[in-house]
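**Q** Here you go, sequence then predicted model.
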Amino acid sequence: MLKFTKISATGNDFILFDNRDKKLIGKKHNFYKKICQRRFSVGADGILKIEDSKKFDFSLKYYNSDGRVGEMCGNGARAAAYYAFTNNIAPADMTFEVLGVPYQASVYDRIIKLFMPPPVEIREYPGVLEEENFEEGGYLNVGVPHYVVFVPNVNSVDVERLGRKYRHHKYFQPWGTNVNFVHFSNINEIHIRTYERGVEEETLACGTGTISSAILAHKQKKIKIPMKVQTQGGLLNVYFDDEFSEIELEGTVNIIYSGELMQHYYY
């Protein structure tokens, strides 16, 4: 039987495999897509695979629910860090790699803090937005691409329709982008809803989207740091310096259950 753990990081849910035994070597994207289907299988926003690393505490591979490899997932990385600590794979202060890039995380009970590298790219006001009552924030790449839009109230936004529209906008081709809708509720608090590329629908939270939205909210709207970010799945906290060279993403993680996949799901 193929063992797995269902784990949630502020509403982002994942199927985690401890693949240090290499049982999943050679599995194709159709397998990951199949088990992420809700109501037909376990169901999740994505797949996490923990494997051995020669340099760090472990290596993490992430797959979106479409079965394709994802560059990085902030909440997925926090979830994997919590699992690694609670299963004696890594210490509370750990270093792991994602596609060869090292990341650090710290575990405090069920609160996990992830340390992120600076944005690869920031483009403010790229001139893509078409909706008159919204305000363009910009485009960032924090390991994955994100487009940020400021809106009067995220609860009134048609995230599925508009998220899909800008996710496939010609400006962001050929790879597309994640799309974040943000409104401000306090001098150090924002609310966010995210349409995720690869999942191809709204998710309850997005770690890299939270960081991207916080950076542009601070740069353009002077929202103060540390910043509280209210997602549909709960609260995340973001910290960074003025140069965005030290970025921290903090929130809770819950292990929901462990199980075993029947043979016909993985043969």
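**A** Yep, it's here. Numbers count the residues shown, from 1 in each chain.
**Q** what comes up buried for the helix or strand where residue 192 lies?
**A** Secondary structure assignment for residue 192, by DSSP states H and E: strand 189-196. For strand 189-196, burial by neighbour count (16 or more other CB atoms under 10 Å) applies to 190-196. All C-beta atoms are positioned from the backbone trio N, CA, C, and that covers glycine.
**Q** Mind listing the strands the following helix or strand past it pairs with, and their directions?
**A** Counting by DSSP H and E, the next helix or strand C-terminal to strand 189-196 is strand 201-203. Using DSSP bridges, strand 201-203 pairs in its sheet with strand 189-196 (antiparallel).
**Q** How far does the strand it pairs with sit from its chain's centre?
**A** The offset between the C-alpha centroid of strand 189-196 and the centroid of the whole chain comes to 12 Å, using CA atoms, centre = their mean, to the nearest Å.
**Q** quick one: average confidence on it?
**A** Taken as a whole, strand 189-196 has an average pLDDT of 98.
**Q** next one: stretch 47-61
**A** For stretch 47-61, mean pLDDT rounds to 97.
**Q** Show the end-to-end separation of that stretch, please.
**A** With CA to CA, to the nearest Å as the measure, the first residue of stretch 47-61 is 8 Å from its last.
**Q** Just the buried positions in it, please.
**A** Across stretch 47-61, burial judged by 16+ other CB under 10 Å covers 47-51, 53, 56-61.
**Q** and the two most separated of the buried residues of strand 189-196?
**A** Of all pairs drawn from those, the one with the largest separation by CB to CB is 190 and 196; the distance is 17.9 Å.
**Q** hang on, the earlier thing: got a markdown table for the buried residues of strand 189-196, with distance to residue 156 too?
**A** A markdown table is the format used below for the buried residues of strand 189-196 (distance: CB to CB, whole Å):
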| residue | distance to residue 156 |
| --- | --- |
| 190 | 16 |
| 191 | 12 |
| 192 | 14 |
| 193 | 10 |
| 194 | 16 |
| 195 | 15 |
| 196 | 20 |
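**Q** Pick out whichever of those residues sits closest to residue 161.
**A** Residue 161 lies nearest to residue 195 out of those, by CB to CB, at 9.4 Å.
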